[in-house]
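**Q** what follows is a protein structure lacking sequence information:
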């Protein structure tokens with residue numbers, strides 16, 4: 001009985017001490033327990049995506065095909081099998097445009113996007129294009145960057161190339177909003193340059209790793 005009482009008192013004191021350092025220690029070193037939730041980020045971007053001269057807003061969301069409800073978090077206990085978890089709830093990452101009648105852009109299973117970038121009008125069709133990378137929680141470290149344009153009321157894929165996820169590494173606690181894909185898609189003097197990861201990986205000369213001007217076709 002004495003041992004139990006001491007244990008309870010000690011345990012209570014430890015928890016109290018932990019609560020007092022609610023800053024970095026609580027956020028960084030607190031162990032994940034089964035009922036801990038990991039919250040998903042949701043991105044949005046503004047621009048003239050339909051060419052009418054007015055600003056539009058694109059929103060990203062994730063919906064469960066099982067519950068038909070929005071997904072804004074997942075249990076931390078699912079980390080080790082996160083792809084299976086999102087497949088099991090039939091998660092669908094998608095984009096919608098505020099106050100505009102156009103098709104929803106369905107991107108596939110995952111928890112959200114690494115980035116959602118307004119690239120401006122690169123193909124001179126008076127509309128802004130977007131670039132995005134789906135975060136499907138795969139453990140390959142290689143993802144596709146896809147560039148889309150709103151063609152009438154439908155989205156069209158204009159270009160796809162591979163990138164490495166180290167481009168999204170950051171320091172600190174708060175994840176930044178990425179407006180470029182470092183080393184793979186960058187804007188220089190109002191022009192976009194890119195390189196496919198496989199071209200970079202297989203490069204035999206340093207000059208083969210240099211980003212080249214991005215050319216984007218117009219809508220079909």
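**A** On my side now, so go ahead. Computed from a predicted structure; not experimentally measured.

**Q** could you chop the protein up by domain?
**A** 1-30, 32-213 (automatic domain parsing).

**Q** by mean pLDDT, show me the worst of these.
**A** Of all the domains of the chain, the minimum mean pLDDT falls on domain 1-30 (a mean of 35).

**Q** still on that earlier bit, pick the most deeply packed of the domains of the chain.
**A** The highest mean neighbour count among the domains of the chain, using mean count of other Cβ atoms under 10 Å, belongs to domain 32-213: a mean of 15. For glycine as for every other residue, the C-beta is placed from the backbone atoms N, C-alpha and C.

**Q** check the offset of it from the chain's centre.
**A** 5 Å (Cα atoms, centre = their mean, to the nearest Å).

**Q** on that earlier part again, which of the domains of the chain sits closest to residue 219?
**A** domain 32-213 (3.5 Å; Cβ to Cβ).

**Q** doesn't residue 100 belong to a strand?
**A** No. Assignment of residue 100 by DSSP: H, G, I helix; E, B strand; the rest coil gives coil, placing it outside any strand.

**Q** ok, back up a step: could the domains of the chain be laid out in TSV, adding distance to residue 219?
**A** TSV is the format used below for the domains of the chain (distance: least, Cβ to Cβ, whole Å):
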stretch	distance to residue 219
domain 1-30	45
domain 32-213	3
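
**Q** just the strands in this protein please.
**A** With strands called from DSSP state E, the chain shows them at 37-39, 44-47, 56-64, 73-75, 91-97, 105-108, 112-120, 129-135, 142-151, 154-164, 185-188, 191-194, 212-213.

**Q** wait, residue 72 touches residue 42, no?
**A** Yes. Between residue 72 and residue 42 there is a contact under Cβ atoms under 8 Å: 7.5 Å.

**Q** overlap of the contact sets of those two?
**A** Jointly contacting residue 72 and residue 42 under the rule Cβ atoms under 8 Å, 6 or more residues apart in numbering are residue 62.
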